[in-house]
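> Dropping the sequence and predicted coords here.
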Amino acid sequence: MYKILTLNSISVSGLERLPRDRYEIASEIQHPDAVLLRSFAMHDWPVPPSLKAIGRAGAGVNNIPVP
C-alpha cells in the first residue's frame, strides 16, 4: 500500500480515482511515498527520505523546489 500525504485540501472527485485498497491518503501520515498539493510552498518543508513523487493539482512548479 502506498502512503500519500495531502498538504492542501484535494477534491474528493480527484481522490476517488485512487483506490483505497492500494493507497492510504491523509493530511498527517508518517513516511509518505508521495505528496499531493495545490498551493503549499514546499521550499522550507523538510522532504522525507521516503518520498518518491510529488503531484500538484494546478499548473507550474513555483511552490515546489525543483533543481
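Nice, I can see it.
> where does Pro67 land on pLDDT?
Among the per-residue scores, Pro67 holds a pLDDT of 66.
> same deal with Gln30?
With respect to pLDDT, Gln30 has a value of 97.
> Then Asn63?
So, for Asn63, pLDDT stands at 91.
> which element is the closest residue to it other than its chain neighbours on?
Using CB to CB, 6 or more residues apart in numbering and skipping residues adjacent in sequence, the residue nearest Asn63 is Ala41, 4.7 Å away. Every residue, glycine included, has its C-beta placed from N, CA and C. Ala41 is located outside every helix and strand, with elements delineated by DSSP states H and E.
> State the distance from Ala41 to Glu24.
Applying CB to CB, to the nearest Å, the value for Ala41 to Glu24 is 25 Å.
> Quick check on the two: which one has the bigger neighbour count.
For Ala41 versus Glu24, neighbours defined as other CB atoms under 10 Å are more numerous around Glu24 (15 against 12).
> In terms of helix, strand or coil, where does the more buried one fall?
For Glu24, the assignment made with DSSP: H, G, I helix; E, B strand; the rest coil gives strand.
> OK, contacts around it?
The contact partners of Glu24, taken as CB atoms under 8 Å, 6 or more residues apart in numbering, are Met1, Tyr2, Lys3, Ile4.
> give me the number of residues near the residue nearest to Asn8 when sequence neighbours are not counted?
Across the structure, with CB to CB, 6+ apart as the measure, the residue nearest Asn8 apart from its sequence neighbours is Arg38 (4.1 Å). A count of neighbours around Arg38, defined by other CB under 10 Å, yields 14.
> For the remainder of this discussion, apply numbering that starts at 59.
In the new numbering, first residue 59, that becomes Arg96.
> so Arg96 touches Arg114, yeah?
Yes - when contacts are counted by CB atoms under 8 Å, Arg96 is listed as touching Arg114 (7.1 Å).
> what's the helix or strand for the residue nearest in space to the middle of the chain?
What sits nearest the mean C-alpha location of the chain, by CA atoms, centre = their mean, is Val93, with 1.7 Å. Using DSSP H and E, the element containing Val93 is strand 92-95.
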